[in-house]
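[1] Here is a sequence with its predicted model. Questions after.
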Amino acid sequence: MSEDDIARVVAAFGAAARRAKEAGFKIIEIYAAHGFLVHQFLSPIPNKRSDKWGGSVENRRRFAVEVARAVRANWPEAYPLAFRLSATDWLDGGIEVEETIETARALKGEGVDMIDCSTGGIGGKQRPHRMKIAQGFQVPFAAQVREKADIATMAVGFLWDAKHCEELLLAGKADMIALAREILDDPNWPLHAAQELSADEGHAMWPVESGWWLMKRERLLDKLGIR
Ligand SMILES: Cc1cc2nc3c(=O)[nH]c(=O)nc-3n(C[C@H](O)[C@H](O)[C@H](O)COP(=O)(O)O)c2cc1C
């Protein structure tokens, strides 16, 4: 990308934020992870530039910072702005969490409110051998960024159990939980989680059309001693 290309894309991020506001959105998350453009600037693996946009950490971070500034300038102060980062590339010579903590601090300085901590996505289709997938395997990154950069974080990836998610929040490892595939499996997951965590007396969180019936069924089952 030339300097003009970069300026055009940064401005386009700002314009997109303005349109998002006009369209009624209340939160923006910039996808700066998983090999998308902002990550390509951040990571020393694809970023081989020798100008002010590559090389040192400050230079590689410049594009993300400029994007954050452009978006924040076009996004109401009261509306949350999040960035999804790949906290580590899981590859030698790539981004490590210490660098991500610094990036989170820089983004916070631009008015970013939350870091969504994912990982990986650079280096081709093959999964890096350092990346060991397990339930909540990316949570430690959300916890570290939260603690060391003093910014709210979102935990994401291989999370599906409501009690486990609640424990993570209560333990201060993250401020929010993001789910993708579990929501495909069960679009009512948040409502079911509220039931499981005894946070929704009488199905009050449900749309009234279905909540009223579910509450009636629950009472009947209780009465019959089936539940
Ligand atoms: C329908 C769908 C589309 C997705 N699209 C992308 C994508 O375009 N790029 C990407 O990096 N990840 C994509 N993901 C991965 C998500 O970003 C998410 O981080 C990942 O699924 C881990 O969360 P989960 O275990 O709750 O599903 C997608 C996931 C789903 C379910």
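    Great, that's in hand.
[2] Just say helix, strand or coil for the residue sitting nearest the centre point of the chain.
    In the chain, the centroid-proximal residue (Cα atoms, centre = their mean) is Asp116; its distance is 2.6 Å. For Asp116, the secondary structure call by DSSP: H, G, I helix; E, B strand; the rest coil comes out as strand.
[3] you'd agree it is up against Glu29?
    Yes. Contact criterion Cβ atoms under 8 Å: Asp116 and Glu29 qualify, at 6.1 Å. For the C-beta atoms, the positions are set from N, CA and C on the backbone; glycine is no exception.
[4] Mind listing the shared neighbours of those two?
    Listed as contacting both Asp116 and Glu29 by Cβ atoms under 8 Å, 6 or more residues apart in numbering are 82-84.
[5] Now flag whichever of those is closest to the ligand.
    Arg84 (7.6 Å; Cβ to the nearest ligand atom).
[6] OK, contacts around the residue lying closest to the closest one once chain neighbours are set aside?
    Closest residue to Arg84 apart from its sequence neighbours, by Cβ to Cβ, 6 or more residues apart in numbering: Asp116 at 4.0 Å. Listed by Cβ under 8 Å, 6+ apart, the contact set of Asp116 reads 29, 33, 82-85, 153-154, 156, 178.
[7] one more time with 6 Å
    Contact analysis of Asp116 by Cβ atoms under 6 Å, 6 or more residues apart in numbering lists 82, 84, 154, 156.
[8] same for the ligand: which of these are within range?
    Val156 (Cβ under 6 Å from any ligand atom).
[9] just checking, which of the contacts of Asp116 belong to strands?
    82, 84, 154, 156 (DSSP state E).
[10] now those: which count as buried?
    The neighbour-count test (16 or more other Cβ atoms under 10 Å) marks 82, 84, 154, 156 as buried among these.
[11] With distance to Thr103 and pLDDT added, can I get those residues in a markdown table?
    As requested, these are exported to a markdown table (distance: Cβ to Cβ, whole Å; pLDDT from 0 to 100):
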| residue | distance to Thr103 | pLDDT |
| --- | --- | --- |
| Ala82 | 14 | 98 |
| Arg84 | 12 | 98 |
| Met154 | 15 | 98 |
| Val156 | 17 | 98 |
